[in-house]
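J.: here are the coordinates; sequence isn't available:
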């Protein structure tokens, strides 16, 4: 079974600074997807960024970027120029690649990100 | 685009009653929907995969007779919690899979908070 581990229950960063959230996973699959989701107090899950395992290039979305180390099974999220609106729970998630795409997500336990003004 | 709604947003019921939660994809067709459960300050746990026109696939440990899932159309999946008990109180979140271009992504509903008295 696949597992996703987020070792940082809580992180704090000053506004405008950069923060990195850690995530490791365990799988025997070679083709899979990795995601970072944000869950603000509203509890709505918001996709932040995704990475296909077959792609060597790290995904980026504006201020958000990942460091994907496939051999190490590591998938960290870097948030640059942190903003107050970035405060939320961040979940790392994994999904095996299948032709039908019918596999659900396996989530880590989450990291609570606090932005200090 | 890619909006998923859930109804109701919160429900309180008496122990022993049944509660139905609806999940709708508003602007796309979803052949596959997923149901997750989230306890307070915890991660999301996949309960089941709902496929349009066929029986749902339940994760290990999830009672299929207690959590009835119906995916009668390409835009609607329902989760019925039968004979609810206080331990079923939780936050239930659905997601719907869609394909945008060459990638498929899961979009989440806003969740339903169930409280069983």
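T.: Looks like it arrived, so ask away. Small disclaimer: the values here were computed from a predicted structure and weren't measured.
J.: So residue B:54: helix, strand or coil?
T.: Secondary structure for residue B:54, judged by DSSP: H, G, I helix; E, B strand; the rest coil, is coil.
J.: Could you report the neighbour count for it?
T.: Applying other C-beta atoms under 10 Å in any protein chain shown, we find 9 residues neighbouring residue B:54. (Each C-beta comes from the backbone N, C-alpha and C, glycine too.)
J.: Pass me the low-pLDDT residue ranges in the chain, would you?
T.: As the question left the chain open, I've gone with chain A. Scanning chain A for pLDDT under 70 picks out A:98-102.
J.: my bad, chain B
T.: Within chain B, the stretches with pLDDT under 70 are B:1, B:100-103.
J.: Pull out the buried positions in the lengthiest strand in it.
T.: Scanning chain B for the strand with the most residues, using DSSP state E, yields strand B:90-100. Across strand B:90-100, burial judged by 16 or more other C-beta atoms under 10 Å in any protein chain shown covers B:90-98.
J.: same deal with stretch B:97-111?
T.: The neighbour-count check on stretch B:97-111 (16+ other C-beta under 10 Å) flags B:97-98, B:104-111 as buried.
J.: and if you look at stretch A:43-60?
T.: The neighbour-count criterion (16+ other C-beta under 10 Å) identifies A:43-45, A:47-51, A:53, A:59 as the buried residues of stretch A:43-60.
J.: Specify the beta-bridge partners of the residue nearest in space to the middle of chain A.
T.: Nearest to the mean C-alpha position of chain A, by C-alpha atoms, centre = their mean, lies residue A:36 at 2.8 Å. Note on residue A:36: beta-bridge partners residue A:49, residue A:92, judged by DSSP bridges.
J.: Residue A:28 versus that one, what's the distance?
T.: Going from residue A:36 to residue A:28 by C-beta to C-beta, to the nearest Å gives 22 Å.
J.: same question, residue B:13
T.: In this view, residue B:13 and residue A:28 are 42 Å apart by C-beta to C-beta.
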